[in-house]
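A.B. asks: make a model of this:
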Amino acid sequence: MYSGFSGRQRIGNVTQVNDPNTAWVNMEPHWGLIEHLLGGTYKIRKGHRKFLPQEPRELDEAYDNRLQRSVLAPYYVRLERMLAGMLTRKPVRLDDVSDQIREQLFDVDLQGNDLQTWLFSTTRVCIRYGHVGVLVDAPRAGENGRPYWATYDPRSILGWRTELANGEQKLTQLRLQEKILVPDGLYGEKEVVQVRVLTPGAFEIHQKDAKGDFRVVDEGRTSLSEIPFSVAYSNRMGVLESIPPLADIAELNLQHYQTQSDLANQLHISAVPMLAIFGFPQSAEEISAGPGEAMALPEGASAQYIEPSGNSYDAQFRRLDQIASQINELGLAAVLGAKLVGETAEAKRIDRSQGDSTMMVVAQQMQDLIDNCLRFHAQYMGEANPGSSLVNRDFMGTRLEPLEIQALLQLYTAGTITQETLLLQLEAGEVLGDDFDVEEEIEATQNGGMIEMQQPEPEPAPETKATMPEAVGEADELAG
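C.D. replies: As a prediction, this is how the structure comes out:
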């Protein structure tokens, strides 16, 4: 099979630090096709016969031409991006997180990515492979720097050991493969493969030398009593074990590519009519035909162009549409519980209540992952309260209708709900902007209500030499 996956349980032979364990060996066959689909048409073509079989008696030159005409439709890639985008369509809300950590989360991975951008890419890895791991690392004591979050896909997580302590699974050993760039010569650089071995409170860095052996180049202690590594799952099978939830969609995307290749090749061949000559003796010399040429045929012979009727092409076009429809239904109905077709409002509510659970699990897993990372981050910083996060659950966008807004306002006016509940409902219903802060608005309105509007006192009239009664008396005397 193209993936090399036989379905049999394989055993990992771990003798060196870079050898993957048994769980990794059995998960790896599920990753190859998806990783090639991510590379688009260029990478799927590099797979040659692995993804596009060569037909019997098909010449190598003809196969190469067919391969160059075959184009991959990016169904899987777009679906993966869409699902991750639905999770991050609203910013992550941080509660009780210190200002210092909030500021550091604007460059959470020391690669220039803020928390929202980092969550989008990390969620894509989680959906792609079935789980994702994040290591919260920090520089040595006394060195300048601060904690940062590093994402590892399952291919980089070579092995692990766990034990049950106080009713909780704890990592006792973790091996992570990394690739770093180091200077090479005056201007160049080269890639070095290394394996990071983590144990509670300690680490080792093993690098590959020129002979291919791994040797310890760095080791030391950490300030944490546990391994600062957190995992989120989208399709969990066990501890650090999973299966890609979109594997079926990847298979359909490959089938679409192969069917499209067959159809494109047939259209290419049939697009040029073939000249057929009747009554021409076989012993005669070969003849040629073209726009600037003429043919002389013997008496009784005739020539005409023939081409296929193309009746079978409609079936292939329908098959392509059918595969695309299956991808749409699996990606949206099975994962999100919603379809891109006309449905009644009640049907949509039923679908979402049944199908949103998959993305709800992903959202909850990513939220737990961020909370664990905040806890490790705060421990490095020496802060007692790490705070918490809230990841978006409104994947499809449910903007409140005018009648629903009016009903909420009536409930608030009648005193049935509080101002905070009203504002939270309006914010969830996308009536208020993404930058709207409910707590700040409540505080501002409360302070505004406590201060009574006081009219400024009128300034006293300028003093004159005589008051009003005195002035009136003087006027009477003058009149008399």
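A.B. asks: what about stretch 393-403, distance to the chain center?
C.D. replies: 22 Å (CA atoms, centre = their mean, to the nearest Å).
A.B. asks: can you check stretch 368-375 too?
C.D. replies: 18 Å.
A.B. asks: D218 belongs to a strand, doesn't it?
C.D. replies: Yes - D218: assigned to a strand according to DSSP: H, G, I helix; E, B strand; the rest coil.
A.B. asks: the residue nearest in space to the middle of the chain and V17: what is the separation?
C.D. replies: In the chain, the residue lying closest to the centroid (CA atoms, centre = their mean) is R124, at 2.8 Å. Separation of R124 from V17 (CB to CB, to the nearest Å): 29 Å. (C-beta placed from N, C-alpha, C; glycine too.)
A.B. asks: next one: L72
C.D. replies: 37 Å.
A.B. asks: compare the two and say which is more crowded by neighbours.
C.D. replies: Of the pair L72 and V17, L72 is the one with more neighbours under other CB atoms under 10 Å, namely 23 against 20.
A.B. asks: let me know the secondary structure of that one.
C.D. replies: coil.
A.B. asks: which residues touch it?
C.D. replies: L37, G40, T41, I44, N253, Y257 (CB atoms under 8 Å, 6 or more residues apart in numbering).
A.B. asks: just T172 next, same as before
C.D. replies: Counting by CB under 8 Å, 6+ apart, T172 has contacts R161, T162, E163, T199, P200, I227.
A.B. asks: got a winner among these for most neighbours?
C.D. replies: Per-residue neighbour counts (other CB under 10 Å) across the contacts of T172 peak at I227, which has 22 neighbours.
A.B. asks: shouldn't that one be in contact with L176?
C.D. replies: No - under the criterion of CB atoms under 8 Å, I227 makes no contact with L176, lying 10.3 Å away.
A.B. asks: mutual contacts of those two, please.
C.D. replies: With CB under 8 Å, 6+ apart as the test, I227 and L176 both reach L198.
A.B. asks: would you tell me what the next helix or strand after whichever strand in the chain runs longest is?
C.D. replies: Longest strand of the chain, by residue count under DSSP state E: strand 168-184. Note on strand 168-184: by DSSP states H and E, the next helix or strand toward the C-terminus is strand 188-199.
A.B. asks: list the contacts of the helix or strand just after that next one.
C.D. replies: Where DSSP H and E defines the elements, the next helix or strand beyond strand 188-199 is strand 202-208. Contacts with strand 202-208, where a contact means CB under 8 Å, 6+ apart, come from 17-18, 192-197, 214-222.
A.B. asks: in stretch 419-433, what's buried?
C.D. replies: L422, L423, Q425, L426, E427, G429, V431, L432 (16 or more other CB atoms under 10 Å).
A.B. asks: report how many residues lie close to E441.
C.D. replies: Neighbour tally, E441, other CB under 10 Å: 15.
A.B. asks: my read: V195 touches G159, true?
C.D. replies: No - using CB under 8 Å, V195 is not in contact with G159, being 9.5 Å away.
A.B. asks: what sits in contact with each of these two?
C.D. replies: Here V195 and G159 share the contacting residues R175, scored by CB under 8 Å, 6+ apart.
A.B. asks: for stretch 147-159, give the mean pLDDT please.
C.D. replies: With pLDDT averaged residue by residue, stretch 147-159 scores 96.
A.B. asks: so what's L94 bridging to?
C.D. replies: Residues in a beta bridge with L94, per DSSP bridges, are S389.
A.B. asks: going forward can the numbers begin at 54, since that is how I track them
C.D. replies: Let's use 54 as the start, then, which means that last one is L147.
A.B. asks: and the pLDDT at it?
C.D. replies: At L147, the model reports a pLDDT of 93.
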